[in-house]
Structures are given as structure tokens and as C-alpha cells.
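Undergrad: Prediction below, plus the sequence it came from.
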Amino acid sequence: VFLRLLELRGQLQRLYTSNMDGLAAAVGIERRFECFGSFASFTCLSCGVSSPAHDVLADLGLPQVPRCPRAAGNDAAARCNGILKPDVLLFGDEEARARRDAAMETLLREDVANASLVLVIGHSLHIPPLTANVLARFRRPGVPMVAINRRRVAYPFPWDALLLGDSEVVVERLARAMRV
């Protein structure tokens, strides 16, 4: 909610999240980049139609493979019946990973060029694409980099401020201090 409030105040350039739970979308954060996609929607591998997860899961009986509900061609009675895949980046999908990396690189260049603060919350910086090496490439003078984390990350990164503790508690204190 804190980040959504910052967005509403015009203080959030963009949220980069490695979470696939759709929580950022659920709280209404519009300017977000979901690094690994989201389980909030599924896409048909045959026809490319996208379906909200709640529609797919409501019709799904486990261990059934989710199938596309779209009508095939002009025949409303016929279904595409292609396999629905959650809109997440799967291990080994190098083509999707390359597209994600290119999109993220473009956004990071734009965002860091316009940012007045880089805030990293609850991330180890070990899991690509959000690694310390990537973050360090976008460091620029006059833009503080602040981490909020339960413990120090193993990778030595030159933070301007490192706020250790439970992210929820630290963010709550920060929000109060900022009157958000």
C-alpha cells in the first residue's frame, strides 16, 4: 500500500518486482514491471488469447490441464482448446527471458535517468534480473540508493543507506516519517 500511495503522490517512478503473486496489481500499482510475470493471467499457447486467472481457475478441476475457452474461427460451438500457460517466465524459456531483459533494460535506463531515489525493499540481489551487478550499472551521482532488508545482502553493494529489519516494520516507520 505504501508504494501505491507514493505512486498516487507522483513519487513512484516504477516498481520492479520479482513477485509473481499479483499483489502489486491488486493494490493498484499501475507503473510496475513484473520481472517474472504474474499468475494473474494465462495465455493460450495456440491462439494467444489472454484469460484472467480467476476465470481459468474457476473452471479447472485438478489435475486437469487448463484449456483455452475461446471459440475457434467463426464457429461459436467449436473451442480453440489450446493449452493455457500462466503468464510467468518459466525456467529454460530463453526467448521470453531475452524479451524480458530487453524490456527491463529500456525501462531501467529511462527510470534511473529520471529518478531522485532508488529504493530496494526485501531483495537479495542474487536472482536475475534484479542483481547487484545490474543495479550498479545504473548508479548515478546525486541519486541515493537505499535498501530495506531483513539482513545484509551477501553481495557488497555501496548503499547510501541500508535499513535493516523486517521490511513491513521499516516501511511503516518510513511512511509515518514521510506522512504518507
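TA: Yep, it's here.
Undergrad: CA atoms for contacts and neighbours, from now on please.
TA: Fine.
Undergrad: and the nearest residue to residue 88 once chain neighbours are set aside, how far is that from residue 25?
TA: Computed as C-alpha to C-alpha, 6 or more residues apart in numbering, the closest residue to residue 88 that is not its neighbour in sequence is residue 37, at 4.2 Å. Using C-alpha to C-alpha, to the nearest Å, residue 37 is found at 11 Å from residue 25.
Undergrad: shared neighbours, those two?
TA: Residues touching both residue 37 and residue 25 by C-alpha atoms under 8 Å, 6 or more residues apart in numbering: none at all.
Undergrad: quick one, which of those two is more surrounded?
TA: Shown here are residue 37 and residue 25; by other C-alpha atoms under 10 Å, residue 37 has more neighbours (20 against 15).
Undergrad: buried sites along the longest helix anywhere in the chain?
TA: Longest helix of the chain, by residue count under DSSP state H: helix 94-114. Neighbour-count burial for helix 94-114 flags 97, 100, 104, 108, 111-112 (criterion: 16 or more other C-alpha atoms under 10 Å).
Undergrad: next one: stretch 123-131
TA: 123-125, 129-130.
Undergrad: I'd like the distance from that stretch to the chain centre, please.
TA: Put simply, stretch 123-131 sits 12 Å off its chain's centre (C-alpha atoms, centre = their mean, to the nearest Å).
Undergrad: list the contacts for residue 3?
TA: By C-alpha under 8 Å, 6+ apart, the contact list for residue 3 reads 12, 15, 29.
Undergrad: now, among these, which is nearest to residue 4?
TA: Checking the contacts of residue 3 against residue 4 with C-alpha to C-alpha, the nearest one is residue 29 at 5.2 Å.
Undergrad: okay, now the closest one: neighbour count?
TA: The burial count for residue 29: 20, using other C-alpha under 10 Å.
Undergrad: what kind of secondary structure is the closest residue in space to residue 124 that isn't next to it in sequence in?
TA: Closest residue to residue 124 apart from its sequence neighbours, by C-alpha to C-alpha, 6+ apart: residue 153 at 5.5 Å. Secondary structure for residue 153, judged by DSSP: H, G, I helix; E, B strand; the rest coil, is coil.
Undergrad: Double-check residue 153 against residue 121; I have them as touching.
TA: No - in this structure, residue 153 is not within contact of residue 121 by C-alpha atoms under 8 Å, at 11.5 Å.
Undergrad: Quick check: residue 160 vs residue 149, distance?
TA: 14 Å.
Undergrad: Which one's more surrounded, these two?
TA: residue 149 (20 against 11).
Undergrad: Leaving out chain neighbours, which residue sits closest to that one?
TA: residue 122 (4.7 Å).
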